[in-house]
Structures are given as structure tokens and as C-alpha cells.
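A.B. asks: Take this sequence and fold it.
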Amino acid sequence: MQSELVQAKAFEGGQLVSETRADGSVLIWQREALPDWPRCMTARFLHWADIDPERIWMAERDAQGEWQRVSYGQGARAIRAIGAALLAQGLSVERPLLILSGNSLAHALMALGAQHVGIPSAALSPAYALSGEDRGKLSTVVAQLTPGMVFADHAAKFLPAIEAVLGLDVALVSLTGTSEKRVSLSYQDLLQTPPSAEMEAAHAAVGPDTVAKFLFTSGTTGSPKAVIQTQRMLCSNQAMVAKAYPFLADEPPVLVDWAPWNHTASGNKVFNMAIYHGGTYYIDDGRPTADGIARTIRTLREVAPTWYFNVPVGYQFLLDAMEQDATLVSTFFSRLKMMMYAGAGMSQPIWDRLTAVAARQIGGGVPIVSGLGATETGPFALYYSEKKDRPGNIGAPALGVTLKLVPKEGKLEARVKSPSITPGYWRNPELTAAAFDEDGFYIFGDALRYAVEGEPAAGFIFDGRLAENFKLSTGTWVAVGALRAGLVDAMAGLISDAVIAGENKDDLRALLLPNHAALAQIAGGEEPVFSHPAVIAALRDRLSAHARAATGSAARVVAALVVQQPLSFDRGEVTDKGSVNQRAVLRERADLVASLWSEDPALLLADWKRRP
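C.D. replies: Down below sits the predicted model:
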């Protein structure tokens, strides 16, 4: 049986081609060739510094809340100085730069200064060093990287971890504070380093295969692994983004972003979007939490983005504020071209509220988009940019990406190949080999399904992580990802996410991650919220409606408990951008999971046999 090439079909300005192979797998790609990209990201930075040195590249608030701005010209001088200083300290790919800092101007310039001369950096979540006495993850990272220098913005808070884990041959760079045990350098002194011939030669030698950085991802294992990020990955990925979002070429983008740079979404895509297009990146010091959203709102009342990213719960917090704050609404939408969500599925109620407020501000509304990517893919891989009627669609392959769909466990497993795919995991050939199939495609481990059967141009729907799926005692497979998304949608904003349990059991049960603000409103301000009769009734009614609508045991959640204690970063239950690790929660909260099958008085039992 020969492979079958299907007629090309239009897709957002291009043409998608699909090929069905003899083994049942399907390849899908865009027919047009991907344009050329720069040899390295700082070459693009220097381009903007040459043509418009006064243009603002990045801004952050100082301790008094005032904006501190760095232009492209200032940034270029700092990058070259830092690059020269790091080379003088003997850093290299074998002894890279470790960064322990939140998003900041200094963090950005240290990373770019290293990149400029072919020295990789690795930004870690500050929680790795600040989370307590258990520094196992930090020790694992250090053992993999063998860093030659650590940048800690304010040394005092990181010193206990630094002294406990890093050898004394690792120099420290900081804005404030020093170590008495190791070489300590001032960040300001690095900025004064004169450019050197060695620096210029090192920059000239940077090419597509040069390692730009390492990003750590743990997946479902909880053990950090260093994903190699080359200049080819970063630059080709931005060429893909530029073709997907053509409005970025019309005017330099303005980005307001909180998401951490130790993750690929903002550390690669958003961070480099500003550089690639000569845009301005405002560092949002807020977070999509009840405590942190006020800072985000303050920034969005002052700075109008042209492209905006948040996780669904972040949009939920913003919508709550927008309904009371006309200045926030008018500023936010004044020049907005697109909103993106990722990190979790967006529920229909949030989608409807978001599209409604956008339509009131902008004729025809604003596209709300999503996609599919991973640390290993640059991350940009699947996308769409046109308006949709509902959430869930993650689009089709970006230009330059070939998507491979492989039948597995009754689903279609997604695999991709492109110039923005990682060459592998640092110093781990076994893990690298396992990440790719026999044709060199990176294996996502995610399942997809056609939005319209057999029509790739209509996009794809995320169909869960295959590693999360399990069987009931009957042998029936449970598609966890789709079930979680459906349950969150059915709960109509009362929960932000859910964790599904029931492996080798007769039925399915869930741990509900509550939307505290929505439940508090139902409780009318009375405490305790989670045991309030009105809250219990509302949750039970929604759970029952979802169960009654289910088509079988693999789609029906018959009971649930509300998780009252926040998920833990230290235990791998949640990332610092808010993504929930299903397997880690089940593992770390085994007692709570067990009580789902007990007679716990807090258990919400679905009345699913009663018909409406």
C-alpha cells in the first residue's frame, strides 16, 4: 500500500498538505517554505539598536513603582559589556551561567550577554532555591550543568541555597549583596567592562548550532531535565511566529507579560517576539492569583498591549476587574490585536465573557487564540490566528512544522519535526533517543483529534496526554485531558481545574481546584466558604448535571472533593505558571484521593441517575 497525498487546502493565508502513510500515520504541513532567519537572536537586537537606538526595548518597575526603561541602544552596549566580562571569567558551554532571579532587566541582559558570545544560560524558578531545606531539584540541575557562574539578583535571599549546592569555584554576580566564600562580582561592574577583541570573535562564531540556553522541564516525572535550546531553534521559531501573526510587522509590538522566563512560553516566544520585531516588553510584576492580580491590573491600566498572553484563570481575574473598572477596559483594548491563552483549557463561560467585553470595545472583537507547543519545540508548533466560536481548538502546524499523527491507544498521538526542535537533552543521550521516533519526529506524548473529521485546515483539538490516561476496572480507557476540560466547562466558573482519579476503580471521581472568588460570592461573604450550604449545593448541582450528560462510565464523574490547600510547587503538583500536573497531585495527595471512595462528609455525590 502506497502513501496517499491529499489535495492541498487553504489555511490562514497558506496551504496545508496531508499525506497518509501505509502504517496509518498522517503527515500534515504547509506547502510554503519558511523564510530565512537570523544566525542568532542578539544579531536581531543589534539590528534595532543600529536603526533606532532610542526605541524602548524593556521596562520594569523599581521599588517605588516607577518604570525603569532600557532602550535598544543601551541594551546593546550592556549585552556587549556583559559578554566580554563572562568570557573573561572563563564561562563556556561546559561551564554556563546559572540564573536565580525572577523576570527583570538585569536577568534579561545577563542572559543576552551570555548568548551574544556563545555562553548558554539556564534560568531556574527562584522557588528551586527558596522553597526550604529540600534542595533536591537545585542539586540535580547543578549536577547536570556544572555552572561556572550564578547570577542572583539579590544575593542575601539566595545565599543559603548557593552555599549549600554550588562549589566554591562558581562565581557569584548580584545587584546587591556578596558571598564571603566565593568570588563575588557586582552586576554594575560587569556593565562597565569594555568590549574586547575576544568578545567580538566569540560573537562572530555564534551560529545556528550554538547552544543559547537550557530550559528545564520535568514533565510527569518531577525530575528536572535540561532541554537544549539552540540559536536555530530560537530564531526559526520567531520566523514561524512572524508568518503566523503578520500584524507584528505593521508596528512594533507592545507586550505586557508576567509569565516566568524559566518556561518556554515567555522565556522564548514572548521574550524573543519583542526582540525579533523591535518591540517593547513591559515586565508585569503581578501574577494570576487573588493576591497578585492587583499588580497586573495596575500595569494594564497604564500600558496598552498589542498582543497579550495569560492563562485562563488570569483572564478570569481580569474579567472580574474589568466589569468594575472602565479605565482598565479602555486601556487594555485600545490597540489590542490578539489575545492568547495556554497552560490550561479555557472554559466556555470565560470565553463567552471575554469575547463579549472585547466586542463591546472593538468592532468585530479580537481573536482569542491558543496553540500547542513544548519546551522541546521552541515552543511554537501548532497555532491559529483567526477568530473561533469557542475554546479548545489549537490550530494546525505552523509554517516549517510537519505534524505527524500516529494511531495509538485508540487516539492520534502528535509528533512534530521542524528547525525549531531541540537536538536533545544535555548530557543525556538515552533520554534524547527516547524523545524521537524512527523518522526523527519529536514525540509530544499528547493526543489530538480533528476539529472537523479529516479536515486539518479546520484545526485540531487537544485530546489529552497519553501518559495521564488510565483504565477503569472494566478495561475502559479514560481520556483524562478531555474529561478535565469538560468538567471545568460544566462547572461554569466555580472551579479553575480538576484532577481525575479512578485508575482500576469501577467509576471516576475528581479533586476540584476551586475558584475561591466565585464560591465566596455564592457564600455571600460568610465563612467558611467551602462548607457553606449554598456553595455545596451549587457544586453538587453542576457536578450532577455533568454526570447526567455523560455518555458512559469513562466520561462520568460521580463524586468529588474540593481541594482546600493550595497545590505545591515543591512537590511538583503545579508549575510556577499555574499548570497542574495530574499525576503529581494524585501521588502527593494519596490520602485525599483515597477519601474520594470513603464516606467523607465533605464528599460531593453526583445525582446522575435522576433525569431532569
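A.B. asks: Let me see the domain layout of this protein.
C.D. replies: Using automatic domain parsing, the domain ranges for the chain come out as 4-33+379-465, 41-47+54-206, 245-259+266-369, 471-605.
A.B. asks: Low-confidence stretches in this protein?
C.D. replies: 1-7, 131-134, 218-222, 570, 576-578, 610-612 (pLDDT under 70).
A.B. asks: Show the contacting residues for the most centrally placed residue in it.
C.D. replies: Central residue of the chain (CA atoms, centre = their mean): A265, 4.0 Å from the mean position. Neighbour list for A265: 259, 309, 342-343, 373, 379, 577 [criterion: CB atoms under 8 Å, 6 or more residues apart in numbering]. Just so you know, the C-beta spots here come from the backbone N, C-alpha and C atoms, and that holds for glycine as well.
A.B. asks: can you pull out the helices in the stretch 301-450 of the chain?
C.D. replies: Here the stretch 301-450 of the chain has its helices, by DSSP state H, counting those that start in this stretch, at 312-322, 326-332, 348-361, 429-434.
A.B. asks: I meant to write the stretch 501-612 of the chain there.
C.D. replies: Applying DSSP H, counting those that start in this stretch to the stretch 501-612 of the chain gives helices spanning 516-522, 533-549, 582-588, 590-594.
A.B. asks: How many residues are close by the nearest residue to A520 once chain neighbours are set aside?
C.D. replies: In this structure, A520 finds its nearest non-sequential neighbour in V529, 5.2 Å apart by CB to CB, 6 or more residues apart in numbering. When neighbours are counted by other CB atoms under 10 Å, V529 registers 20.
A.B. asks: Turn the helices of the stretch 301-450 of the chain into TSV, including mean neighbour count and distance to T474.
C.D. replies: Formatted as TSV, the helices of the stretch 301-450 of the chain follow (neighbours: other CB atoms under 10 Å; distance: least, CB to CB, whole Å):
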stretch	mean neighbour count	distance to T474
helix 312-322	21	33
helix 326-332	17	49
helix 348-361	17	30
helix 429-434	12	31
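A.B. asks: Looking at the ones you listed, which is nearest to D507?
C.D. replies: Among the helices of the stretch 301-450 of the chain, the nearest to D507 by CB to CB is helix 348-361 (25.4 Å).
A.B. asks: Show me what the closest one is in contact with.
C.D. replies: The contact list for helix 348-361, computed with CB under 8 Å, 6+ apart, reads 312, 315-316, 319, 322-323, 329-330, 333, 336, 339, 365-366, 368, 390-391, 489, 492-493.
A.B. asks: if you set the cut-off to 6 Å instead, what comes out?
C.D. replies: In this structure, residues lying in contact with helix 348-361 by CB atoms under 6 Å, 6 or more residues apart in numbering are 312, 315-316, 319, 322, 333, 365-366, 391, 489, 492-493.
A.B. asks: again with stretch 41-49
C.D. replies: For stretch 41-49, the surrounding residues in contact (CB under 6 Å, 6+ apart) are 38, 72-73, 76, 112, 115-116, 234, 272, 275-276, 278.
A.B. asks: Quick check: of the residues you listed, which lies closest to L159?
C.D. replies: Of all those, L112 has the smallest distance to L159: 25.4 Å, by CB to CB.
A.B. asks: can you confirm the closest one is in a helix?
C.D. replies: Yes - membership of L112 in a helix is supported by DSSP: H, G, I helix; E, B strand; the rest coil.
A.B. asks: So what's the residue count around it?
C.D. replies: L112, neighbours per other CB under 10 Å, totals 23.
A.B. asks: So it versus V70, what's the distance?
C.D. replies: Going from L112 to V70 by CB to CB, to the nearest Å gives 11 Å.
A.B. asks: separation between I228 and A43?
C.D. replies: I228 is 20 Å from A43, by CB to CB.
A.B. asks: And those two? Which one has more around it.
C.D. replies: Neighbour count, other CB under 10 Å: between I228 and A43, I228 has more, with 22 against 15.
A.B. asks: that older thread, reformat the contacts of A265 as CSV; add neighbour count and distance to N469.
C.D. replies: Formatted as CSV, the contacts of A265 follow (neighbours: other CB atoms under 10 Å; distance: CB to CB, whole Å):
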residue, neighbour count, distance to N469
A259, 26, 28
F309, 23, 28
A342, 22, 21
G343, 22, 20
G373, 24, 21
P379, 22, 23
K577, 20, 24
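A.B. asks: Which of these fall in strands?
C.D. replies: In strands, defined here by DSSP state E, the members of the contacts of A265 are 309, 373.
A.B. asks: Including distance to V416, could the contacts of A265 go into TSV?
C.D. replies: Output for the contacts of A265, formatted as TSV (distance: CB to CB, whole Å):
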residue	distance to V416
A259	22
F309	21
A342	16
G343	19
G373	9
P379	11
K577	22
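A.B. asks: SS state for the residue nearest to the centre of the chain?
C.D. replies: Going by three-state DSSP: A265 is helix.
A.B. asks: Identify the residue spatially nearest to K225, adjacent ones excluded.
C.D. replies: Nearest non-adjacent residue to K225, counting by CB to CB, 6+ apart: Y425, 5.1 Å away.
A.B. asks: any chance of the domains of the chain in JSON lines, with distance to S223 too?
C.D. replies: Formatted as JSON lines, the domains of the chain follow (distance: least, CB to CB, whole Å):
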{"stretch": "domain 4-33+379-465", "distance to S223": "10"}
{"stretch": "domain 41-47+54-206", "distance to S223": "7"}
{"stretch": "domain 245-259+266-369", "distance to S223": "20"}
{"stretch": "domain 471-605", "distance to S223": "9"}
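A.B. asks: Can you say which of these is nearest to L215?
C.D. replies: domain 245-259+266-369 (6.5 Å).
A.B. asks: where's the residue nearest to the centre of the chain relative to A482, distance?
C.D. replies: Going from A265 to A482 by CB to CB gives 22 Å.
A.B. asks: got a list of what P423 touches?
C.D. replies: With CB under 6 Å, 6+ apart, P423 has these contacts: I228.
A.B. asks: switch the cut-off to 8 Å
C.D. replies: P423 is in contact with 209, 228, 230, 432, counting by CB under 8 Å, 6+ apart.
A.B. asks: next SSE after the host helix or strand of I82?
C.D. replies: Secondary structure assignment for I82, by DSSP states H and E: helix 72-88. Counting by DSSP H and E, the next helix or strand C-terminal to helix 72-88 is strand 97-100.
A.B. asks: Partner strands of that next one, with direction?
C.D. replies: With DSSP bridges as the test, strand 97-100 is paired with strand 121-124 (parallel), strand 149-152 (parallel).
A.B. asks: chain center to that strand, what's the gap?
C.D. replies: Per CA atoms, centre = their mean, to the nearest Å, the displacement of strand 97-100 from the mean C-alpha position of its chain is 20 Å.
A.B. asks: Stretch 534-552 too?
C.D. replies: Here the centre of stretch 534-552 is set off from its chain's centre by 31 Å, with CA atoms, centre = their mean.
A.B. asks: Now for the nearest residue to L431 once chain neighbours are set aside, how many residues are close by?
C.D. replies: Ranked by CB to CB, 6+ apart and with sequence neighbours excluded, the top spatial neighbour of L431 is Y425, at 4.6 Å. The tally of other residues near Y425 (other CB under 10 Å) stands at 21.
A.B. asks: and Y425, what are its bridge partners?
C.D. replies: Y425 has these beta-bridge partners by DSSP bridges: V227.
A.B. asks: if I look at it, how far off is L586?
C.D. replies: To L586, Y425 is 26 Å away according to CB to CB.
A.B. asks: how far does stretch 60-73 stretch from start to finish?
C.D. replies: In stretch 60-73, first residue to last residue: 17 Å (CA to CA, to the nearest Å).
A.B. asks: Please identify the buried residues of it?
C.D. replies: Neighbour counts using 16 or more other CB atoms under 10 Å place 60-61, 70-73 of stretch 60-73 among the buried residues.
A.B. asks: so where do the strands sit in the stretch 401-550 of the chain?
C.D. replies: Assigned by DSSP state E, counting those that start in this stretch, the strands in the stretch 401-550 of the chain fall at 402-408, 411-417, 442-450, 460-465, 470-471, 477-478, 495-501, 508-514.
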